[in-house]
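S.K.: Fold the stuff below for me.
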Amino acid sequence: MLYQVLEGRLSANAIAAQRNMSHHTVRRAMAIIDKKSINRGMIESWDDHQLMQEFGSTRSAHLFFEEPDWDAEVAYLRQGFSRIEAHNRYVENAEPGRAMTYRTYCKRIKDHIATLDPVMSLDHPPAYAMQTDFAGYEPQA
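M.R.: Numbers count the residues shown, from 1 in each chain. Next up is the predicted model:
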């Protein structure tokens, strides 16, 4: 995306649509490049840490939260405790100010449980196998 911004052939909306990202992110990168006079050689010489410093997210939530051991949390839930009790236990064990909110905790534990116990759904027309014509043959799809 940064190289496309430097080339300047596409608009921010076109780059965002092509990369499946927000046009605000592209415009922010454009503003940083213009403000600091960044060129292609500078970007190629930087490592990941330097790129993250210049263009990284201004939101630090993913770096800020203390992640629990999700397997232990699921085991705690399967013992019969509720999610609010599991979240309260997590908050007590986390460093002060680094615990995620109950809503974020529930979303992440739900996603983790979905990876442990996947649910398979078959995609077929309902009751198609039971359909027959008057001669006893199944209709062609």
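S.K.: Packing partners of the helix or strand harbouring Arg28?
M.R.: Assessed by DSSP states H and E, Arg28 sits inside helix 23-36. Contacts defined by 3 or more C-beta pairs under 8 Å, 6 or more residues apart in numbering; DSSP states H and E place helix 23-36 against helix 2-7, helix 12-19, helix 48-55. Where you see a C-beta, it was placed from the backbone N, CA and C, and this is true even at glycine.
S.K.: As TSV, these with mean pLDDT, distance to Ile109 and mean neighbour count would be great.
M.R.: Shown next, in TSV, are the helices and strands packed on helix 23-36 (pLDDT from 0 to 100; distance: least, C-beta to C-beta, whole Å; neighbours: other C-beta atoms under 10 Å):
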stretch	mean pLDDT	distance to Ile109	mean neighbour count
helix 2-7	86	35	15
helix 12-19	89	30	15
helix 48-55	83	28	12
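S.K.: Distance to Ile38 added to the ones you listed, as TSV?
M.R.: As requested, the helices and strands packed on helix 23-36 are exported to TSV (distance: least, C-beta to C-beta, whole Å):
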stretch	distance to Ile38
helix 2-7	8
helix 12-19	16
helix 48-55	7
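S.K.: Tell me which of the ones you listed approaches Ser82 most closely.
M.R.: Across the helices and strands packed on helix 23-36, Ser82 has its closest neighbour in helix 48-55 (37.9 Å, C-beta to C-beta).
S.K.: hang on, the earlier thing: and the helices and strands packed on helix 23-36: which comes nearest Val91?
M.R.: Once those are compared by C-beta to C-beta, helix 48-55 is nearest, at 28.6 Å.
S.K.: Show me what that closest one is packed against.
M.R.: By 3+ C-beta pairs under 8 Å, 6+ apart, helix 48-55 packs against helix 23-36.
S.K.: quick one: the next helix or strand along the chain from the helix it packs on to chain centroid distance?
M.R.: Downstream of helix 23-36, the next assigned helix or strand under DSSP H and E is helix 40-45. Mean C-alpha position of helix 40-45 versus that of the full chain (C-alpha atoms, centre = their mean, to the nearest Å) differs by 28 Å.
S.K.: tell me the mean pLDDT over helix 40-45?
M.R.: Helix 40-45 shows a mean pLDDT of 89.
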